[in-house]
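Trainee: my questions concern the predicted model and sequence given below.
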Amino acid sequence: MTVRQTQTTCCYCGAGCQLLFTTDVEANKILDVHPVQGRTNDDKACLKGWFGWDFLNDPKILTKRLRAPMIRKGGKGSPLEVVGWKEAISFVADNLTKVKAKWGPDSIMGAASARGPGNEPNYLMQKFMRACVGTNNIDHCARICHAASVAGSRQTIGEGAMSLSIPEIEDAEVIFNIGYNAATSHPVVARRIVKAREKGAFIICADPRITETARISQLHLPLKGGTNLALTNGLANVIIQEGLEDKAFIRDHTKGYEAFRELVLGYPPERVGEITGLSPDDIRLAARRYAGSRRSVILWGMGVTQFSQGVEVVKSLCSLAMLTGNFGRPSTGTGPVRGQNNVQGTCDMGVLPDVFPGYQSVADPEARAKFAKAWGVKSLPTEPGLQLTRVPERVVHEKDPAKRIHAYYIFGEDPAQSDPDLAELRETLAAIDFVVVQDIFFNKTALFADAILPATSWGEHDGVYTSSDRGFQRIRKVVEPVGDIKDDWEIICLVSTAMGYPMGYGNTEEIWNEMLDLSPKFTGATYGKIERQGSVQWPCLDKGPADTGTMYLHKGGHFATPDGRGIFGTAHYHPPTEVENKDYPLTLCTVREVGHYSARTMTGNCRTLRNLEDEPGWVEMSPADCLSLNVSANDLVRVLSKRGAIIARCLPTERVRPGAVYMTYQWWIGACNELTISSLDPTSRTPEYKYCAAKVERIEDQDWAENEVRRIYTDIRSSMGIAREDARA
């Protein structure tokens, strides 16, 4: 037996933990995995890091790996048929070319992937859409999570990423944690928060639930859901009214302060207390503690961004840090902690409708000319493209065929599971003329595909991820892929070449080097430097050994805005789009589950993780609400909104206040996105996943409900070609 050890970056959250795999080369089998020293993880890993690799063995627990290309030769409604790569590539290229010729390049939408492929295929995907197809209609799942962080931070401090590094968190004196539960989202980051507490840091947690972070905090602010902006405005009010602001920092490094000051003075703690349900004294205490430290950090997650005022809250949080001078030094600043393994990197690669790689605007003539010359095309599209959350608007709600999306190339995403208002999303996918799915597993979106292109998974290819704190790190092949599948970057090259725009590379490093030469922020982060250092944080402007990357941003108060000054910003608070009412008296909020990841096609195919939690998922409810409905733990209940109904198990918990329920989105039967609303933030176009009106109903016949869950599960798996009956529902 030949044994090989391979170090790689974990494929789950954005913490970027380092794992060491031991494999039997001849058997192509993983023998062992354990965490090793990395810049962010210090020899530690979470549940998914230890046990989340079993999907590489394709156990078909939830669904099955895609092993060969498939197309619908007879058009819509005909069965998917296995074909060779030559026929599949020709089929995809011919159909995309026909759509482009008939309806124009903007009739084609592309969605790329933050969930495993790495930076290099994502760079090629946006290049393909812009240089080959001729549109800026390219986006990815940041749109439904941290797009508000990117937009709000750009408008204030000029840079949409974490301004500090994950290791710096443990040396902060004050951590203001808002809408973010690291214990489930990023357990290794949670360790840094715990370490900070052990070192004497004061932890403030603003969250409606009693989360793990709330339990270790010295000050928990259990605000009413959807009132973040009222709270942040109130904190700024106290800081200004009590003279706690950093006047010199405001004078020397910012602008827009007077307008900001005038607005927040309308949010005294008493008024904010009425909106949020918080004690005015607690609001004052939080403001004083945050402003009283020179090493204060703000950490946030989707409890901030997935609201219709997400961008405005992010602007307000960045303004709080500027107001107190908490930028430009170690263990200060703002931390929008990215959820997925490479959502930061996919943004870095320009997989956004308005920027090229390295955050260079598509509206900038010089940037367009540079990329057009490098990519060998006469010109590139000038207008920002469509955000993926607006695809239904351009399909089922668009009357003019000339303005519709007629083709959708979906690479490594599962919108039929992860987008809001799934009934509308299914209607959208069914109405699009031609849908391409490029993925590793058969998923709900694949049911609508006219062509399926099977790709290698994490663990089966090389490349680079960007961790949440801007750290480029290598991913490496652990096992050899099985079946007639190809690397994502190779598939994209084949489709592009067949459409008349030749793309060809020998390996991922060649792709990476092309991207570096076009992206000044990243130019120095060569494969060689990443190998030597283990991680390189951007900006890294020079390929020489002296530039090793940047631990924290905005040094000396110099921001990434055109004139180097931070720009204060906030807005007046307004309630969420859909509030509770007599017919739907509860509020529904989506949250994360520590043992599962994203749409669950990977973790759901890992035996240990699947055995921890399985279908149909849970609905967290307060004991008081359970009592009023006469439901108990593990009872199957029906959860409803104006958009649909699902079945889930009741989970009574003291963590949840009466009137609110919480669900995770990865379940097929308890799919809470059947219920969520497609109301979007007007700037980032991020959906308001964290608030909609709902109700819970008791199911009298529990035996019927258990049988119904099994029936639904069997039907879903059967539709995906999984015939095994022994999978547990």
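Mentor: Nice, thanks for sending it over.
Trainee: contacts for the strand ranked longest in the chain, please.
Mentor: Criterion DSSP state E: the longest strand present in the chain is strand 644-652. By Cβ atoms under 8 Å, 6 or more residues apart in numbering, the residues outside strand 644-652 that reach it are 422-423, 616-623, 626, 631-639, 663, 667, 669-672, 674-675, 696, 699, 705, 708-709, 712. The C-beta positions use only the backbone N, C-alpha and C, and glycine is treated the same way.
Trainee: in helices only, show me those residues.
Mentor: In this view, the contacts of strand 644-652 that belong to helices under DSSP state H are 422-423, 623, 626, 705, 708-709, 712.
Trainee: which two from those residues end up farthest apart in space?
Mentor: Comparing every pair within the ones in helices among the contacts of strand 644-652 by Cβ to Cβ identifies Ala423 and Pro623 as the most remote, at 31.7 Å.
Trainee: ranking the ones in helices among the contacts of strand 644-652 by neighbours, who comes first?
Mentor: For the ones in helices among the contacts of strand 644-652, the largest number of neighbours (other Cβ atoms under 10 Å) sits with Leu422, at 24 neighbours.
Trainee: right, and that residue touches Cys672 too?
Mentor: No - contact status for Leu422 versus Cys672: not in contact, 9.4 Å apart, counting by Cβ atoms under 8 Å.
Trainee: which residues do those two both contact?
Mentor: Shared contacts of Leu422 and Cys672 (Cβ under 8 Å, 6+ apart): none.
Trainee: so how far is Arg197 from the nearest residue to Ala190 once chain neighbours are set aside?
Mentor: Leaving aside its chain neighbours, Ala190 sits nearest to Ala182 (3.8 Å; criterion: Cβ to Cβ, 6 or more residues apart in numbering). Relative to Arg197, Ala182 is positioned 12 Å away (Cβ to Cβ, to the nearest Å).
Trainee: now the buried members of the contacts of strand 644-652.
Mentor: Neighbour-count burial (16 or more other Cβ atoms under 10 Å) is assigned, among the contacts of strand 644-652, to 422, 616-622, 626, 631, 635-637, 639, 663, 667, 669-672, 674-675, 696, 699, 705, 708-709, 712.
Trainee: among the residues you listed, which are in strands?
Mentor: Counting by DSSP E, these contribute 618-621, 636-637, 639, 663, 696 to strands.
Trainee: and those, which two are the farthest apart?
Mentor: Greatest spacing in these, by Cβ to Cβ: Glu620 and Leu636 (14.8 Å).
Trainee: number of nearby residues for the closest residue to Gly604 other than its chain neighbours?
Mentor: Nearest residue to Gly604, sequence neighbours excluded (Cβ to Cβ, 6+ apart): Leu62, at 3.6 Å. Leu62 has 26 neighbours, counted by other Cβ under 10 Å.
Trainee: before we move on, what about the one 3 residues further on?
Mentor: By other Cβ under 10 Å, the residues close to Arg65 number 22.
Trainee: list the contacts of the closest residue to it other than its chain neighbours.
Mentor: Leaving out its chain neighbours, the residue that sits closest to Arg65 by Cβ to Cβ, 6+ apart is Asp58, at 4.3 Å. Applying Cβ under 8 Å, 6+ apart, we find Asp58 in contact with 64-65, 482, 605.
Trainee: run through the bridge partners of Val297.
Mentor: Per DSSP bridges, the residues bridged to Val297 are Ile175, Gly333.
Trainee: now the lowest-mean-pLDDT helix or strand in the chain: buried residues?
Mentor: Using mean pLDDT, DSSP states H and E, the weakest-scoring helix or strand in the chain turns out to be helix 607-612, at a mean of 85. Within helix 607-612, the residues that qualify as buried are 609-610, counting by 16+ other Cβ under 10 Å.
Trainee: what's the spacing between that helix and its chain's center?
Mentor: 23 Å (Cα atoms, centre = their mean, to the nearest Å).
Trainee: which other helices and strands does that helix contact?
Mentor: Helix 607-612 sits against helix 47-51, with contacts defined as 3 or more Cβ pairs under 8 Å, 6 or more residues apart in numbering; DSSP states H and E.
Trainee: following the chain onward from the helix it packs on, which element is next?
Mentor: strand 70-71 (DSSP states H and E).
Trainee: mind listing the strands that following strand pairs with, and their directions?
Mentor: Partner strands and pairing direction for strand 70-71 (DSSP bridges) are strand 81-82 (antiparallel), strand 451-454 (antiparallel).
Trainee: format those strands as TSV; extra columns: mean neighbour count and distance to Gly225.
Mentor: Compiled in TSV, these are given as follows (neighbours: other Cβ atoms under 10 Å; distance: least, Cβ to Cβ, whole Å):
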stretch	mean neighbour count	distance to Gly225
strand 81-82	12	47
strand 451-454	24	39
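Trainee: these: which one's closest to Lys48?
Mentor: Across the strands paired with strand 70-71, Lys48 has its closest neighbour in strand 451-454 (23.5 Å, Cβ to Cβ).
Trainee: of Ala182 and Arg197, which one has the most company?
Mentor: More neighbours surround Ala182 than the other of Ala182 and Arg197, with 24 against 17 (other Cβ under 10 Å).
Trainee: residue contacts, that one?
Mentor: By Cβ under 8 Å, 6+ apart, the contact set of Ala182 is 189-190, 193, 212-213, 299, 301, 337.
Trainee: look up phi and psi at it.
Mentor: Per-residue torsions, Ala182: phi -60, psi -30 (degrees, to the nearest 10).
Trainee: what's the helix or strand for Thr590?
Mentor: If you go by DSSP H and E, Thr590 is part of strand 586-591.
Trainee: sheet partners, orientation included, of that strand?
Mentor: Strand 586-591 has these strand partners (DSSP bridges): strand 660-664 (parallel), strand 692-698 (antiparallel).
Trainee: give me the contact list for the first one.
Mentor: Residues external to strand 660-664 that are found in contact with it (Cβ under 8 Å, 6+ apart): 208-209, 225, 586-593, 596, 617-622, 625, 639, 648, 656, 670, 672, 694, 696.
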